[in-house]
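> below is the sequence, then the predicted model.
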2 protein chains.
Amino acid sequence: MDKNRSELLLNEKGIKVTKQRLTVLDLIMSKDMPFCANDLFDQLKGKMDLVTIYRNLQLLCGEGILREVMNKSGRQYFEFSSENNPVHPHFYCSLCRKIFCMKSKNNYSVPKKVNPGDNFIILETVLQYSGICPSCRT
Amino acid sequence: MDKNRSELLLNEKGIKVTKQRLTVLDLIMSKDMPFCANDLFDQLKGKMDLVTIYRNLQLLCGEGILREVMNKSGRQYFEFSSENNPVHPHFYCSLCRKIFCMKSKNNYSVPKKVNPGDNFIILETVLQYSGICPSCRT
DNA sequence: TTCCATTTGCAAATAGATTGCAATTGATTC
DNA sequence: GAATCAATTGCAATCTATTTGCAAATGGAA
């Protein structure tokens, strides 16, 4: 049987392939927007234990297949991380708490160093927005 | 009796002044770093109910005295919001989950519009960092 | 001082996330 | 393919973060 993209990704990272893992990763890769554990649970309609989802998110994030997204909701959000989906801005809606990916086609310039001398190791620099999303606006 | 800065701020906004509210706001204004409900609770050593802290944070945030800070911890973080403390970058440590304020003295330029035509109302634009903080580095 | 709406503290409920453990499964070796 | 074993899963339980209900206490106006 042909291996799909998810399975190849798991193989590549040396992660054991299970039905649940594939299901989760397939779902993630089919969407282009950040999600939390519960979003996946809802979409899987109880086909998988929520705990399994949490554990796999943690694993995939640790392996660099996912990245965490900054937000103000008090929940942990993730998105698929790849060369095709590099770090990019998000928009957090203060009303519905949804998170949207922003494709800023314009380049922006940021300071290369902050608090020089403070020894922070910066792994990610990202521009983030918050405000009101189109649906909450109406 | 003289009114302190916290009390004046509450008066200004037409918020009822209570002992708890003053205590919380005094504490907040004495620090220059984001905090969550539990941080305040710890610092007040049980002098105030955690629920009261949550309720006052929500109130102060709604009144614009505080602003929420983006992070990846799954907790809600706030900071004092004023002209003297405008929106600015933060650094989120992926190891200890602490949040640091970054004073970027350099200016940075960001795109004025994202996803043009999408009708997002942008209320806040902020550069955020994540990585490893100085203490976790060692 | 009285009065009343607001706020507080406590108990309980609701979310979000993690842990322990027995049963199951995936991959390796024969 | 069957035996083997470590890794994974589901379920129950726990923990942490946040919210809600309600009676008692309090701030501020009259």
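In hand now; what should we look at? Residues are numbered from 1 along each chain as shown, chains lettered A, B, ... in the order given.
> and A:K45, how close does it get to A:T23?
Note on A:K45: its distance to A:T23, by Cβ to Cβ, to the nearest Å, is 12 Å. (C-beta placed from N, C-alpha, C; glycine too.)
> the two - which one has more neighbours?
The neighbour comparison of A:K45 against A:T23 (other Cβ atoms under 10 Å in any protein chain shown) goes to A:T23, with 18 against 7.
> any idea which element the closest residue to A:V17 other than its chain neighbours lies in?
Distances taken as Cβ to Cβ, 6 or more residues apart in numbering or on different chains place A:L10 nearest to A:V17, at 5.0 Å, with adjacent residues excluded. For A:L10, the host element (DSSP states H and E) is helix A:5-13.
> could you point out which element follows that helix?
With DSSP H and E, the next secondary element past helix A:5-13 is helix A:19-30.
> could you check the angle helix A:5-13 makes with that following helix?
110 degrees (axes from the mean of the first three to the mean of the last three Cα atoms, to 10 degrees).
> tell me if A:Y54 really is in a helix.
Yes - according to DSSP: H, G, I helix; E, B strand; the rest coil, A:Y54 belongs to a helix.
> in its sheet, what does the longest strand seen in chain A sit against?
Ranked by residue count under DSSP state E, the longest strand found in chain A is strand A:121-132. Pairing partners of strand A:121-132, with direction, according to DSSP bridges: strand A:90-93 (parallel), strand B:121-132 (antiparallel).
> mean neighbour count, distance to A:K16 and mean pLDDT for the ones you listed - can I get that in CSV?
Formatted as CSV, the strands paired with strand A:121-132 follow (neighbours: other Cβ atoms under 10 Å in any protein chain shown; distance: least, Cβ to Cβ, whole Å; pLDDT from 0 to 100):
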stretch, mean neighbour count, distance to A:K16, mean pLDDT
strand A:90-93, 24, 31, 95
strand B:121-132, 18, 28, 93
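> pLDDT score for A:K31?
A:K31 is assigned 89 on the pLDDT scale.
> please see if the lowest-mean-pLDDT helix or strand in chain A touches chain B.
Ranked by mean pLDDT, DSSP states H and E, the weakest helix or strand in chain A is helix A:134-137, scoring a mean of 90. Yes - for helix A:134-137, a contact with chain B is found by Cβ under 8 Å from any Cβ of the partner chain, at A:134, A:137.
> from the chain's centroid, how far away is that helix?
Its chain's C-alpha centre and that of helix A:134-137 lie 23 Å apart, by Cα atoms, centre = their mean, to the nearest Å.
> who are the packing partners of that helix?
Of the remaining helices and strands, none touches helix A:134-137 by 3 or more Cβ pairs under 8 Å, 6 or more residues apart in numbering or on different chains; DSSP states H and E.
> count of neighbours near the residue nearest to A:V17?
A:L10: 20 surrounding residues under other Cβ under 10 Å.
> pLDDT wise, what is it at?
95.
> try A:K105
In this model, A:K105 is scored at 50, pLDDT.
> quick one: contacts for the nearest residue to A:L9 once chain neighbours are set aside?
Using Cβ to Cβ, 6+ apart and skipping the chain neighbours, the partner closest in space to A:L9 is A:I65 (6.3 Å). Under the criterion of Cβ atoms under 8 Å, 6 or more residues apart in numbering or on different chains, the neighbours of A:I65 are A:9, A:13, A:25, A:80-81.
> again with A:F100
With contact set as Cβ under 8 Å, 6+ apart, A:F100 has these partners: A:33, A:90-91, A:93, A:133, B:120.
> any weak-confidence spans in chain A?
Applying pLDDT under 70 to chain A picks out residues A:1-2, A:104-117.
> what does it put close to DNA strand D?
Proximity of chain A to DNA strand D, by Cβ under 7 Å from any atom of the strand, involves residues A:15-16, A:18-21, A:48-49, A:51-52, A:55-56, A:59, A:74.
> quick check on those: which are buried?
By neighbour count, with 16 or more other Cβ atoms under 10 Å in any protein chain shown, the residues of chain A next to DNA strand D hold A:15, A:20-21, A:48, A:52, A:56, A:59 as buried.
> quick test: name the residue nearest the centre of chain A.
Taking Cα atoms, centre = their mean, the centroid of chain A lies closest to A:E79, which sits 1.4 Å from it.
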